[in-house]
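*Asks:* okay, sequence plus prediction incoming.
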There are 2 protein chains.
Amino acid sequence: LSLRIALDAMGGDHGAPVVVAAAVELLKRHRNVHLILVGDQSTIRKELSNLGAKESDSLSIHHCTQVVAMDELPSVALRSKKDSSMRVAIDLVKKGEAQACVSAGNTGALMATARFVLKMLPGIDRPAICTALPTMRGHCHMLDLGANIDSGPEALFQFGLMGSILASAVDGIDRPTVGLLNIGEEEIKGSEYIKEAAKLLEQSDINYYGFVEGDDIYKGTVDVVVSDGFVGNVALKTSEGIARMVKQFLKEAFTSSLRGKLSAVVAKPVLRAFGNRIDPGRYNGASLVGLQGIVVKSHGNTDAKAFANAIDVAIKEVDKDVPQRIAKELESMVVERQAV
Amino acid sequence: LSLRIALDAMGGDHGAPVVVAAAVELLKRHRNVHLILVGDQSTIRKELSNLGAKESDSLSIHHCTQVVAMDELPSVALRSKKDSSMRVAIDLVKKGEAQACVSAGNTGALMATARFVLKMLPGIDRPAICTALPTMRGHCHMLDLGANIDSGPEALFQFGLMGSILASAVDGIDRPTVGLLNIGEEEIKGSEYIKEAAKLLEQSDINYYGFVEGDDIYKGTVDVVVSDGFVGNVALKTSEGIARMVKQFLKEAFTSSLRGKLSAVVAKPVLRAFGNRIDPGRYNGASLVGLQGIVVKSHGNTDAKAFANAIDVAIKEVDKDVPQRIAKELESMVVERQAV
């Protein structure tokens, strides 16, 4: 029995050309995966034919007529785009015709639609956005990255729980360490809500490490970094910004002088290996956790290779049955608390 | 008449060797600056003699007996370290014997002591920490970086005002653009307190740009980036973390293979120029703004060159009379509001 993933073929900054190419690429390295390209049939067929590919046992098209624009308000998308590639891909998960969906579309619309169609797991209010980030020691998972702002202690605790289960399932780590993002100044250390979240994490079965600071994310101090969505989003975007700047400065160093240009010729393979290593596309694919179903968000400005990485994230989560594991843990916690 | 700066000669991870060397370096490129080395006289004399330097018209020693430890609680430092190099350096500013002080010591203790000794400007509750950061277009100023958490709209507005005056004075920009750090998700965009701060900034004379996101910091979208201290601290620390990781990966790329090593020989000057450009020491020296006096915080783990950069920041602020400018603006604002 193959694993079925629905792809929002029209979403993202580049739409069908990127998603179709990613699907074709991915199927070269996966057996037992069936991809459903959701979107305008003729557009998708054209892209397939450009690539010398076609519909097959592992690749089908699910036609629909609408597209959610990248700047469309989530509420508008939810109300008026019921036949959009994004909505239909999520509907396929709801109906059990796919086990996960992947979209590079508008984050807000994706969250709102996923929440409306799939519903949240009991006890969870909103999906949290979780992604893997490279570290000096491998990678870590960080959440929330912008779905929830002003999260209270209970929400932060749930992020820790969900992140821990995700890291355990996806990376096969026995008891992933969980750190709570905070700042280092003594005596004004952290807000009250963070201290309370720390207590909840300490009292739980989670392998709670303690407070971590911004630089710990990339040091690889912990397997899971927990923060409010506002803070997490700023940390992620700031990281993207500085990585881009460093790349730009490096490029300038190797192109602004004759010596630089000559060095670049010699160092080209080294620089390329370095570039690949810090390529954010390697870590493309953020999970919307806390839903009754698997939804993976690709960066909007993705290329085919990076979009294929996002499909890989979805495959891993289906394989490890992440939502079911989270649901079970949440349930046992509720039972424990009722027992107290 | 020369400008007088008091240096906490015992503060920071490395203490006197770094601070004394920085002072000697700095005096080579500045006339009309008098530096006061505050700390243990015999230790400082020894460091001076190691460098072949001595006390002079532009360099004096102010002896004191205590040192604030890097991990000392601010309240303890304040109570029991009245003859510490940090405290005495700030006292010299209070007494008018110096126009500014620079310390690489414990941030919490420095803030608490500066606030206690120098007092805040009318209407400001706590100092905000402001530093310059490199951008793709030059640099920007960001505040608060960790002195204030859970800042309300009024505090964010004050950060914008103080940052704007600082950038204008120090960089000679006519009307610096000010951006408010926020996240990009539609419909959950920002917390209420940020929206209210935006209104205050819009209604003021400040050249308010609007919301910016994490990546805008390094794009150089605005001259001044305003955020709550918690968020700002996470952004800064995250940046340090990823910059360190990228540097490490680059080093590994150029040392892990024979090809890499050979390339490194050729590319050495290029890599060095690049390293200097992203060296955080270039931007060492964070201002504690909002005080009735100039206090500059150096990174604790500074070298002499970076500490000298922090002294440069203090010199610029003295030269442009930053606290007086901020005080004037605050006063005129109060008058305006009373008129309404």
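*Replies:* Great, that's in hand. Remember, predicted model here, so these are calculated numbers, not experimental data.
*Asks:* every contact and neighbour count from this point should use C-alpha atoms.
*Replies:* Noted.
*Asks:* which residues of the stretch 1-150 of chain A score low on pLDDT?
*Replies:* A:1 (pLDDT under 70).
*Asks:* hmm, try it at 90
*Replies:* A:1-2, A:31, A:71, A:122-126, A:146-150 (pLDDT under 90).
*Asks:* what segments of it are helices?
*Replies:* Remark: helices assigned in the stretch 1-150 of chain A by DSSP state H, counting those that start in this stretch are A:16-29, A:41-50, A:74-80, A:85-94, A:107-118.
*Asks:* format the ones you listed as CSV; extra columns: distance to chain B and mean neighbour count.
*Replies:* Shown next, in CSV, are the helices of the stretch 1-150 of chain A (distance: least, Cα to the nearest Cα, whole Å; neighbours: other Cα atoms under 10 Å in any protein chain shown):
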stretch, distance to chain B, mean neighbour count
helix A:16-29, 23, 20
helix A:41-50, 29, 16
helix A:74-80, 8, 16
helix A:85-94, 17, 26
helix A:107-118, 6, 22
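*Asks:* which stretches in chain A count as strands?
*Replies:* A:3-8, A:33-39, A:59-63, A:100-103, A:128-135, A:138-143, A:177-181, A:207-212, A:224-226, A:286-289, A:294-297 (DSSP state E).
*Asks:* circling back to that earlier point, closest to A:N309 out of the helices of the stretch 1-150 of chain A?
*Replies:* For those, the distance to A:N309 is smallest for helix A:16-29, at 8.5 Å, taking Cα to Cα.
*Asks:* re earlier: export the helices of the stretch 1-150 of chain A to CSV and tack on distance to B:V20?
*Replies:* Compiled in CSV, the helices of the stretch 1-150 of chain A are given as follows (distance: least, Cα to Cα, whole Å):
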stretch, distance to B:V20
helix A:16-29, 58
helix A:41-50, 67
helix A:74-80, 59
helix A:85-94, 63
helix A:107-118, 53
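*Asks:* picking up where we left off before, can you say which of the strands of chain A is packed in most?
*Replies:* strand A:224-226 (a mean of 31; mean count of other Cα atoms under 10 Å in any protein chain shown).
*Asks:* what lies in contact with that strand?
*Replies:* Applying Cα atoms under 8 Å, 6 or more residues apart in numbering or on different chains, the external contacts of strand A:224-226 come out as A:140-144, A:156, A:159-160, A:163-164, A:167, A:176-181, A:212, A:217.
*Asks:* if we go to 7 Å?
*Replies:* A:140-144, A:156, A:159-160, A:163-164, A:177-181, A:217 (Cα atoms under 7 Å, 6 or more residues apart in numbering or on different chains).
*Asks:* next: stretch A:253-263.
*Replies:* Stretch A:253-263 is contacted by residues A:A264, B:V266, B:A267, B:V270, B:F274 when judged by Cα under 7 Å, 6+ apart.
*Asks:* same thing with stretch A:75-95?
*Replies:* Contacts for stretch A:75-95 (Cα under 7 Å, 6+ apart): A:6-10, A:38-39, A:64-68, A:98-101, A:103, A:109, A:113-114, A:117-118, A:293.
*Asks:* for the helices of the stretch 1-150 of chain A, which one sits closest to B:V19?
*Replies:* Of all these, helix A:107-118 comes closest under Cα to Cα, at 49.5 Å.
*Asks:* which strands and helices sit next to that closest one?
*Replies:* helix A:74-80, helix A:85-94 (3 or more Cα pairs under 7 Å, 6 or more residues apart in numbering or on different chains; DSSP states H and E).
*Asks:* chain center to it, what's the gap?
*Replies:* On the basis of Cα atoms, centre = their mean, to the nearest Å, helix A:107-118 sits 14 Å off its chain's mean C-alpha point.
*Asks:* same question, stretch A:319-328
*Replies:* 16 Å.
*Asks:* and if you look at stretch A:270-284?
*Replies:* Distance, centroid of stretch A:270-284 to centroid of chain: 18 Å (Cα atoms, centre = their mean).
*Asks:* could you do stretch A:244-261 as well?
*Replies:* The answer for stretch A:244-261 is 31 Å, by Cα atoms, centre = their mean.
*Asks:* ditto for stretch A:112-127
*Replies:* 16 Å.
*Asks:* may I have the phi/psi pair for A:R175?
*Replies:* According to degrees, to the nearest 10, the main-chain angles of A:R175 amount to phi -130, psi 90.
*Asks:* check contacts around it.
*Replies:* Contacts of A:R175 (Cα under 7 Å, 6+ apart): A:S168, A:N207.
*Asks:* and it, what's its pLDDT?
*Replies:* What the model reports as pLDDT for A:R175 is 94.
*Asks:* with A:K320 instead?
*Replies:* pLDDT, read off for A:K320, is 92.
*Asks:* and if you look at A:K189?
*Replies:* Residue-level pLDDT assigned to A:K189 equals 64.
*Asks:* could you do A:E252 as well?
*Replies:* pLDDT, read off for A:E252, is 87.
*Asks:* for the closest residue to A:V295 other than its chain neighbours, name its beta-bridge partners.
*Replies:* Nearest residue to A:V295 in three dimensions, chain neighbours excluded: A:C101, at 5.1 Å (Cα to Cα, 6 or more residues apart in numbering or on different chains). In this entry, A:C101 is beta-bridged to A:A6, A:V295, by DSSP bridges.
*Asks:* quick one: A:C101 from B:A6, how far?
*Replies:* Distance, A:C101 to B:A6, using Cα to Cα, to the nearest Å: 62 Å.
*Asks:* next, count neighbours for A:E72.
*Replies:* 14 (other Cα atoms under 10 Å in any protein chain shown).
*Asks:* can you pull the contacts of it?
*Replies:* So A:E72 contacts nothing (Cα under 7 Å, 6+ apart).
*Asks:* dihedrals phi and psi, it?
*Replies:* Torsion angles, degrees, to the nearest 10, at A:E72: phi -70, psi 140.
*Asks:* how near is it to B:S191?
*Replies:* 21 Å.
*Asks:* same check, this time on A:N106
*Replies:* A:N106 is 20 Å from B:S191, by Cα to Cα.
*Asks:* neighbour-wise, which of those two wins?
*Replies:* A:N106 (26 against 13).
*Asks:* how about the more buried one, phi and psi?
*Replies:* Per degrees, to the nearest 10, the backbone of A:N106 is at phi -40, psi 120.
*Asks:* would you check that A:M245 makes contact with B:R137?
*Replies:* No - the pair A:M245 and B:R137 fails to qualify as a contact (Cα atoms under 7 Å) at a distance of 9.8 Å.
*Asks:* so the two - more neighbours on which side?
*Replies:* A:M245 (20 against 12).
*Asks:* so who does the more buried one touch?
*Replies:* Applying Cα under 7 Å, 6+ apart to A:M245 gives the contacts B:M136, B:Y218.
*Asks:* ok, now how distant is it from B:D215?
*Replies:* 10 Å.
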